[in-house]
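S.K.: next input, structure requested:
(3 chains)
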Amino acid sequence: MSILEDAKQAVKGAAQAALQSAVQMAPDSWMPGGRPDPLIRERHGYTGRPVSRVDGAVKVRGVAPYAAEFPLDRMTYAALVFSTVAKGRIATLDTAAAEAAPGVVLVMTHRNAPRMQPMPLFMTSEKACGGNDLPIMQDDRIYWNGEPVALVLAETQAQADHAASLIRVAYVAEASVTDFGEAKAHGTEPGQFMGQPLRYDSGDAEAALAAAPHRVDARYTTPRHSHNAIELHAVTVAWQGETLRVHDASQMVAHMAWSLGHVFGLAEDQVHVTSPFVGGGFGGKGLWQHQVLAAAAAKLAGRPVRLMLSREGVYRIVGGRTVTEQRVAIGAQADGGFDALVHTGTVAMSHHNVLPEPFILPTRSAYASKTMKLDVEVAYLDMVANTFMRAPGEAVGTFALESAIDELAVAMDMDPIELRMRNEPDTDPTTGAPFSSREVEKAYRDGAARFGWAQRGTPGSRREGEWLIGTGVATATYPYYRMPGGAARITLTRHGHVTVDIAAHDMGMGTATAQSQVIADRLGVSMEQVTFRYGDSSLPGTVMAGGSQQTAAIGAAVVAAHRALVTELLKLAGNDSPLAGLDGDAVGGRDGGLARLDDPARHESYASILARAQRDTVVVEASAPMPLETMHWSMHSHGAMFCEVRVNAVTGEVRVSRFLGSFDCGRILNPKTAASQFRGGIIMGLGLALMEETQYDERSGRIMNPSLAEYHVPVHMDVPAIEVMWTDVPDPHTPMGARGVGEIGITGVGAAVANAVFNATGKRIRDLPITLDKLL
Amino acid sequence: MTPFAFTRAAATDEALRLAAAPAARYLGGGTNLVDLMRETVERPATLVDVTALSTAIEPEDGGLRIGAGVRNAALAAHPAVRRDYPVLARALLAGASAQIRNMATVGGNLLQRTRCTYFYDVEGSRCNKRVPGAGCDARDGFNRIHAILGASQACVATHPSDMAVALAALDATVHCTTAQGTRTLPLVDLHRLPGDHPEIETVLEPGELITHVTLPALPDGTRSTYRKVRDRASYAFALVSVGAALRVEDGRIADVRLALGGVAHRPWRATQAEAALRGLPATRASFEAAAAAELAAAVPLRDNGFKIELARRTITAVLAELSGVDA
Amino acid sequence: MPLTVNGATVPLPDDPRVSLLDLLRDTLHLSGTKIGCNQGACGACTVLVDGERIVSCLALAVQYDGRAVTTIEGIADGETLHPLQAAFIEHDGFQCGYCTPGQICSAIGMAAELGRGMPSHVTGDLAATVVLDADELRERMSGNLCRCGAHNGIVAAILDVYGPAKVDQEVAA
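M.R.: Below is the predicted model of the structure:
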């Protein structure tokens, strides 16, 4: 990152720090969420009920259209050629055979690609979402092993694939850094995340550590991971005059439209991105080079293009989670109270992205400690830009932190839950902000009782035949985020039908279902009268499905739009209505109309209000307030993760036999879909714990297992029945009292498994994944 | 995928005739060959579909005759296999997924190619098996899944089949045919060690077709099983697997057949361990000593040294299980 | 005999490289059959051929002349969902929905295999009649990856339709 960028980040960081301190001092009532959402009290509606998915039928019938499933006239099919060196120049590029191959429509390389701006790098402006900011086929330079160097369009996919295999490329390789050790030797830089340094110091933690009567100090390592959504990244694009139509698999349609517009010099409304169904994202379905290349090729060819990356292609051009090396050291008094908490380490990053895997995030607000030292350092490699993957930071950070807590508990002969409870903070340990809601103890208490934690044995004490059995526990944690940009449009018809439009996403999280429940309750109509429209960049709002923040972002936008609707309806209702003279704050949706909150008899139906006003529809649109609540309060979800493993004494094979997650995530809007989110996170966590690793060959910078056969994700046989439960304590300061549930499930799992493995075998594994060779 | 001509053989002689075309390959279920063609590792000019040939499983000479076109699932489900050759049924059921077992044939399974990731990386990696003389990027790269026995400077790849390991342990015979006539081979002689020519994986001549495999009867009192150790609980290739048949009489090992998977360029018949075991008392100590004898020649690479210990333990555990000795 | 897909006769492709999967998706626009790896490693493309489950990505369409292919689009009885489709919705046996058609086709093929007495890797006694419990089911369904982590719901849905009720309670708990 350049000096200029550093300065910008620092200014942004300083401004943010000043703002944060002002917001923290302000009264609660000035904050979004300062007045609890009235829906928190609603206990008789749809909210909180296990409603089945509204899009279930089309999915089980196989008729839900995903990005590669929009047939267009004169469609062409694309295939890519990827570089095989990590850095250098293209020396020769022979495309003659490909151009002559049957069915070929276009061969695009840096020689004939249209001039385009680099993708605007994610988080560098409000709607920027590029995975990297490199030139895309603009010259002969190579920046990573796997970079696209040629694209072929043909009449069929088979023809395109074959022609691509005929392209011959020779490179002049230049000195590159592909070895993590070498990169560290070149020097590291402090990590920056969302404008703030990934560093925190309170007191002299090293001195306190050295002086503490009990301490652990260990190094933990985690490998690269790939999202591996089962749907391959795909895009279907067509130019309609100067308008670019994009059917994408995206978790950020509005960002996509703006960012693609930037690349091609178009206004954002000249790019229309839709993404009604997305076959899994997990942070990986953003803007990468394939969408840009498809649009560029479509422009050159004058025909629609479908580009579906091969599985190898996904690994080559879509980044994943990067490698981390972490040190966690804890010094404690005899009663378990922490004197020192140190969590530092180094991550690998490319020069062209913004995510130094922020593994200290969970540590910032987890435990009280007299001193603290947190630091993420970055070592730069010539590699595909790493990116956000489910719970970036927390997923791997909790592995180190929560393993170390367990190690300390073992060293002190103390129950690891008790040790954690003794270090529960009263206020946020690093910001001092009050917690909006924190029910960690309840989550542990309830979970421990249900799991049967009390029956736990000493390490190595339980065995059935060849199988050693052990249990472990760890804390899961993920912040409540709400990103700026939320906006929603409500259209209410005379028949009481409600349509809510927002450029948000449902990749299977259950967004459309849960939000339809909430909207029905908020407006006092049945779910059948609600249509929730999403996944379309032409709708209001800029709402990313990321950071587990969609529920809150949509909720706050709908609250704002609903407030506008009520104001408009009261105006229309006029003086002849039972609602005459009431303030917007005093009324809410009920029984197909508006009613006074504390006197529901004062009610008028929407049909009646609109009829009297001679209106067929009322349309309102409003934006959510800035998310200042996240600076005013410390807002986090938690979970207590209990795991039982069986480790084969002969082969070292690890099987998870039981898992229970006890969560504190505010109010659960839909227990059916939320349970699936929790379980899904936990299962991805089991993969992280036991088998997942993207093999990056440090000699060449090439990913060597770009395949679902060689990159192992859990199969059915690896997944036991997973129990999930929750406190269901509403957060008084969030829309609906809810906090996100999408990412917390993966956090804490790595440590819960590692701690259980220790309990089973007496072996402490600090290097993920816990494969059998480490247990022989 | 490189363009090719597709042909289908209704009889063996037709298959041989069709396969005489340049760069022709036989096609079974396609579960490996089609994948390799899509990766352009394989670029046949002609495919000869032989799945209609020899699809029967029949008793023969007290043993079993298995057509090369028999699907893996059908073979695993066959009552005689489940009853008389549990090692084979279990090896088949440990392989791939149910969908793939419904497609894959016996002949194709035997001829499937290695899972070495450098072998698969046509554009980006060197591989002597793909391009003779190019070099081997696996030897000093990711080689956790690679060979510990019988490897060469040129190649450290392993054979990925489970079924072939069981067949090796069962003294199976492979029946092949060419235009010149038929021949039989002990299954353990079908696959080669890599040596200086890892691109030549079997002793089959160009155009030679595997028609069927025969299994001899196992002596009464023989017990057999297959154990596969892998990185996840299902649907993964073996890190190490052990196929074994054992007969114990009066506490002594009367007969033992032992083969290992995931450790070498071919299914590894553990002849040294077998020799060490015959006549010995069926005890843990005997099994451990035999495993050690077999693995004495094992050579670890950067990432796969654990396989030596894993193979030792798994051999011991399998023999202990078959002999009823406490594990 | 021609190739049929969901009962309709379908011409074989001229290009033998076309996989059964590509034929379904690109030519017939039956895009319910999904593509997740194109290398037989994920099961998203599972279809039934004469009632047997296969991965259509590794199947050259020309090899399936004369065979009857059933895809997810051919599972329901018109407007009425197949019981397994309904069970997937009830038990939340999916999130993104992308692996779902493959899971459903695979489970139908699995039920047929059970009916024929097919053992599995976890079957204890190869000679005995197989009873579908959660472990048998998990092993038999392991050829269908799900990245959203809907495994518990998938298992519950399948047991609801094909398994003994008592096992269902264990998994659904």
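S.K.: and B:Leu193, how many neighbours?
M.R.: Counted by other CB atoms under 10 Å in any protein chain shown, the residues lying close to B:Leu193 total 17. For the C-beta atoms, the positions are set from N, CA and C on the backbone; glycine is no exception.
S.K.: give me the distance between the residue in chain C positioned nearest to chain A and chain B.
M.R.: As assessed by CB to the nearest CB, chain A sits closest to C:Gly32 within chain C, at 2.1 Å. For C:Gly32, the distance to chain B equals 17 Å [CB to the nearest CB, to the nearest Å].
S.K.: what about the closest residue to chain C within the stretch 51-200 of chain B, neighbour count?
M.R.: Of all residues in the stretch 51-200 of chain B, the one sitting closest to chain C is B:Ser97 (2.4 Å; CB to the nearest CB). Other residues within reach of B:Ser97, judged by other CB under 10 Å, total 27.
S.K.: thought it was touching C:Cys45?
M.R.: No. Under the criterion of CB atoms under 8 Å, B:Ser97 makes no contact with C:Cys45, lying 12.0 Å away.
S.K.: so what sits against both of these two?
M.R.: Both B:Ser97 and C:Cys45 are in contact with C:Val55, where contact means CB atoms under 8 Å, 6 or more residues apart in numbering or on different chains.
S.K.: before we move on, what SS does the closest residue to A:Glu357 other than its chain neighbours have?
M.R.: Nearest in space to A:Glu357, with sequence neighbours left out and distances taken as CB to CB, 6 or more residues apart in numbering or on different chains, is A:Val347 at 4.5 Å. At A:Val347, secondary structure determined by DSSP: H, G, I helix; E, B strand; the rest coil is strand.
S.K.: I'd like to know how far A:Val347 sits from A:Ser548.
M.R.: Applying CB to CB, to the nearest Å, the value for A:Val347 to A:Ser548 is 21 Å.
S.K.: ditto for B:Gly135
M.R.: When B:Gly135 is compared with A:Ser548 (using CB to CB), they lie 47 Å apart.
S.K.: next one: phi and psi at the residue of the stretch 51-200 of chain B closest to chain C?
M.R.: Per-residue torsions, B:Ser97: phi -130, psi 170 (degrees, to the nearest 10).
S.K.: what lies in contact with stretch A:568-579?
M.R.: Contact with stretch A:568-579 is made by A:492, A:580-582, A:584, A:587, A:594-596, A:602-604, A:606, A:609-610, A:612-613, A:615, A:618, A:620, as judged by CB under 8 Å, 6+ apart.
S.K.: what subset of these is buried?
M.R.: By neighbour count, with 16 or more other CB atoms under 10 Å in any protein chain shown, those hold A:492, A:582, A:584, A:587, A:594-596, A:602-604, A:606, A:609-610, A:613, A:615, A:618, A:620 as buried.
S.K.: from the residues you listed, which land in helices?
M.R.: A:Tyr606, A:Ile609, A:Leu610 (DSSP state H).
S.K.: residue ranges with poor pLDDT in the chain?
M.R.: No chain specified, so I'll use chain A. Counting by pLDDT under 70, chain A contains low-confidence ranges at A:1-15.
S.K.: can you look at chain B instead?
M.R.: Along chain B, segments meeting pLDDT under 70 span B:326-327.
S.K.: mind listing the strands for it?
M.R.: Remark: strands of chain B, listed N- to C-terminal, are B:5-8, B:24-27, B:46-49, B:57-60, B:63-67, B:173-178, B:181-186, B:209-215, B:223-229, B:240-249, B:252-261, B:268-269; assignment by DSSP state E.
S.K.: how about the residues of chain A by chain B?
M.R.: Contacts of chain A with chain B, taken as CB under 8 Å from any CB of the partner chain, map to A:81-82, A:84, A:102, A:145, A:158, A:161-162, A:165, A:465-466, A:650-653, A:655, A:690-691, A:695, A:697, A:699-700, A:702, A:704-705, A:707, A:709-710, A:712, A:714-718, A:771-773, A:776.
S.K.: in the stretch 151-300 of chain B, what residue lies closest to chain C?
M.R.: Scanning the stretch 151-300 of chain B for proximity to chain C using CB to the nearest CB identifies B:Ser234 as nearest, at 3.6 Å.
S.K.: and stretch A:200-212, how far out from the chain middle?
M.R.: Remark: stretch A:200-212 is offset 33 Å from the chain centroid, using CA atoms, centre = their mean, to the nearest Å.
S.K.: buried stuff in it?
M.R.: A:Tyr200, A:Ser202, A:Ala205, A:Ala208, A:Leu209, A:Ala212.
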